[in-house]
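Enquirer: have a look; sequence and predicted model below, questions after that.
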Amino acid sequence: MKKRLCSLCSVLMLLVVLALPVTATEGYAPEFDVYADAVYLVNTDSNLVVYEKNSEESMSSASVTKLMTTLLLLESYQDQLDTITLTAPSYIYDILYGKNASTADIRRGETQSLRNILYAMLLPSGNEAAYMVADYMGGGSVAGFVEQMNAEAEKLGCTGTVFTDPCGLDAGNITTAKDAYLMLRAAMGYDAFVQAAGATSYDMGTNERYTTPGTYIIQNTNKMLAADSSYYRSYTRGGKTGTLDDWQNFVSWHTQDGETYICAVLHSPQAIDPDNKRPALLETAKLVDWAFATYSITAALDTTQPITELPVAYSTQTDTLMLYPADSMLTLMPKGGAALTQQSYHLPARVLAPIKQGDVVGTVTLSINGEELGTVDLIAGSDVARNQVLYTMEKVGEFFSSTYFKVVVILTMIAIAVYTFLWVCALILHPKRRGGGR
């Protein structure tokens, strides 16, 4: 099993076609077995992968598929969740019949707001809710909506994801742990998703079965949010489960002491949690507990202290210029044992006055054990004025020592030599006559 470590921060949620995280250096690994077929655990503050296992291997996505359905819904209708209503078409229940599909108890012909449908998809993983979205956004064509899902996956940078339905019941829906991370992080750009995915329960109002207000309550399958659950973690903020056959998927995000992790766990076997049958939650809790206990976000550089200096030319004000890092470069470091950081400078041999404070003079690249963390600009710590006399003297000296001047001198000497030679030859061939005529 491998773990990873490294840096960058401030790509919080969203930019949303996000740059993929950097894999951290070899070092710390969990001291427990990870049974899931695939894992992708990322610190979003530093954009570092702290643990991965088969993260680019495609496998059945189950109801994690609904993240893409949710993402497309919010991209188009995030501001109309309470003003648009959908009526459940009868044909979707024919598709779901006999498949033991989880539902939010939305009945045939029943009308629900988009907000209710959003919660129905995310909390109890309602398959009928996902099909309602597909029918509406596909203009009555579920296949047309699935095409939109696959196009969006490609746009996000997913490399191992293919969708065949809007809910994940078909085993042909596949994704990777890394792609699941991309989908979740994109969805986290929408406040409505963050709010819904982080809710333990939701009041759907009433319907033909629940006619009394306050009785049509749907529950979240993400029990890491439930304080009365053995899976509960106070740092868990939300996520999406998915279960087929004898395994479970779970992609989620977690925040503690200002640090955030996204954890994607695919195909965690039911055998490791036979009583409660939520193995992906069990493994996620162990992995994220480990990450918070093992790592902390640390500034690799101090922007208030000079990191190096360079000689200065054309100035009597100072001989050297102090250079400061333009950014502190937040980095994920192991707790209790700081890793050795190597610095590689990219600088000129000297700087030429005049210089303004804040001018970029060069860069420094930080690495840990040969793994690059990132590159930061180095800026001038002060203004440095130019001494015009020194500047002029050096330029004059440069001219007289330049190749151009040397060529001019040589050519002049050659010209003089040629001229002298020709003049001597003329004297020899045409001497002046002396004396008068007869």
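Expert: The structure has been received and is ready for your questions.

Enquirer: only C-alpha atoms for contact and neighbour calcs from this point on.
Expert: Fine.

Enquirer: OK, contacts around Val133?
Expert: Contact partners of Val133, counting by C-alpha atoms under 8 Å, 6 or more residues apart in numbering, are 69, 73, 117.

Enquirer: what about the residue nearest to the last one when sequence neighbours are not counted, how many neighbours?
Expert: Closest residue to Ile117 apart from its sequence neighbours, by C-alpha to C-alpha, 6 or more residues apart in numbering: Ala129 at 5.4 Å. The number of residues packed near Ala129 is 30, by other C-alpha atoms under 10 Å.

Enquirer: Ala129 falls within a helix, correct?
Expert: Yes - assigned with DSSP: H, G, I helix; E, B strand; the rest coil, Ala129 falls within a helix.

Enquirer: helices of the chain, residue ranges please.
Expert: 66-77, 91-96, 114-122, 127-137, 142-156, 177-187, 191-197, 279-294, 388-400, 403-429 (DSSP state H).

Enquirer: per-residue confidence averaged over the last one?
Expert: Read that as helix 403-429. The pLDDT scores in helix 403-429 average 80.

Enquirer: for it, buried residues please.
Expert: For helix 403-429, the neighbour count (16 or more other C-alpha atoms under 10 Å) marks no residue as buried.

Enquirer: pLDDT weak spots in the stretch 1-150 of the chain?
Expert: Counting by pLDDT under 70, the low-confidence segments of the stretch 1-150 of the chain come to 1-20, 22-28.

Enquirer: for the stretch 251-400 of the chain, which segments count as strands?
Expert: 259-269, 295-299, 308-313, 320-325, 330-334, 341-346, 351-352, 360-368, 371-380 (DSSP state E, counting those that start in this stretch).

Enquirer: by mean pLDDT, show me the worst of these.
Expert: Looking at the strands of the stretch 251-400 of the chain, the bottom one is strand 330-334 with a mean of 77.

Enquirer: what packs against that one?
Expert: strand 295-299 (3 or more C-alpha pairs under 8 Å, 6 or more residues apart in numbering; DSSP states H and E).

Enquirer: wait, what's in contact with the residue nearest to Ile117?
Expert: 103-104, 106, 117-118, 120-121.

Enquirer: most neighbours, which of those?
Expert: Met121 (31 neighbours).

Enquirer: skip the chain neighbours and tell me the closest residue to that residue.
Expert: Using C-alpha to C-alpha, 6+ apart, the nearest residue to Met121 is Ala129, at 5.6 Å.

Enquirer: likewise for Tyr232?
Expert: Met224 (4.0 Å).

Enquirer: which residues sit in contact with the one you found?
Expert: Met224 touches 231-233, 236, 281, 285, counting by C-alpha under 8 Å, 6+ apart.

Enquirer: what do you get if the cut-off is 7 Å, keeping everything else the same?
Expert: Counting by C-alpha atoms under 7 Å, 6 or more residues apart in numbering, Met224 makes contact with 231-233, 236, 281.

Enquirer: how close does it get to Asp45?
Expert: For Met224, the distance to Asp45 equals 22 Å [C-alpha to C-alpha, to the nearest Å].

Enquirer: and if you look at Gly362?
Expert: From Gly362 to Asp45 the distance is 26 Å (C-alpha to C-alpha).

Enquirer: quick one: which of these two has more around it?
Expert: Asp45 (21 against 16).

Enquirer: wait, the more buried one touches Tyr261, no?
Expert: No - counting by C-alpha atoms under 7 Å, Asp45 does not reach Tyr261; the two are 8.0 Å apart.

Enquirer: now do stretch 108-128: distance from first to last residue.
Expert: OK, stretch 108-128 end separation, C-alpha to C-alpha: 9 Å.

Enquirer: contact partners of that stretch?
Expert: Residues contacting stretch 108-128 (C-alpha under 7 Å, 6+ apart): 63, 66, 70, 81-82, 84-90, 92, 101-104, 129-130, 167, 196-197, 204, 218-221, 240.

Enquirer: re earlier: need the strands of the stretch 251-400 of the chain in CSV (columns: distance to Cys158).
Expert: Below are the strands of the stretch 251-400 of the chain laid out as CSV (distance: least, C-alpha to C-alpha, whole Å):
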stretch, distance to Cys158
strand 259-269, 14
strand 295-299, 28
strand 308-313, 42
strand 320-325, 35
strand 330-334, 25
strand 341-346, 32
strand 351-352, 45
strand 360-368, 28
strand 371-380, 24
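
Enquirer: buried deepest among those, which one?
Expert: strand 259-269 (a mean of 26; mean count of other C-alpha atoms under 10 Å).

Enquirer: follow-up on the earlier one: out of the helices of the chain, nearest to Glu56?
Expert: Closest approach to Glu56 among the helices of the chain (C-alpha to C-alpha): helix 177-187, 6.1 Å.

Enquirer: quick one: distance of the closest one to the chain centre.
Expert: 10 Å (C-alpha atoms, centre = their mean, to the nearest Å).

Enquirer: same question, stretch 342-356
Expert: With C-alpha atoms, centre = their mean, you get 30 Å for stretch 342-356.

Enquirer: so what touches it?
Expert: By C-alpha under 7 Å, 6+ apart, stretch 342-356 touches 310-315, 361-368, 380, 382-386.

Enquirer: if we go to 8 Å?
Expert: Here stretch 342-356 has contacts from 310-315, 321, 361-370, 380, 382-386, using C-alpha under 8 Å, 6+ apart.

Enquirer: ok, back up a step: in JSON lines, list the helices of the chain along with distance to Asn249.
Expert: Formatted as JSON lines, those follow (distance: least, C-alpha to C-alpha, whole Å):
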{"stretch": "helix 66-77", "distance to Asn249": "12"}
{"stretch": "helix 91-96", "distance to Asn249": "21"}
{"stretch": "helix 114-122", "distance to Asn249": "14"}
{"stretch": "helix 127-137", "distance to Asn249": "16"}
{"stretch": "helix 142-156", "distance to Asn249": "18"}
{"stretch": "helix 177-187", "distance to Asn249": "9"}
{"stretch": "helix 191-197", "distance to Asn249": "15"}
{"stretch": "helix 279-294", "distance to Asn249": "6"}
{"stretch": "helix 388-400", "distance to Asn249": "68"}
{"stretch": "helix 403-429", "distance to Asn249": "71"}
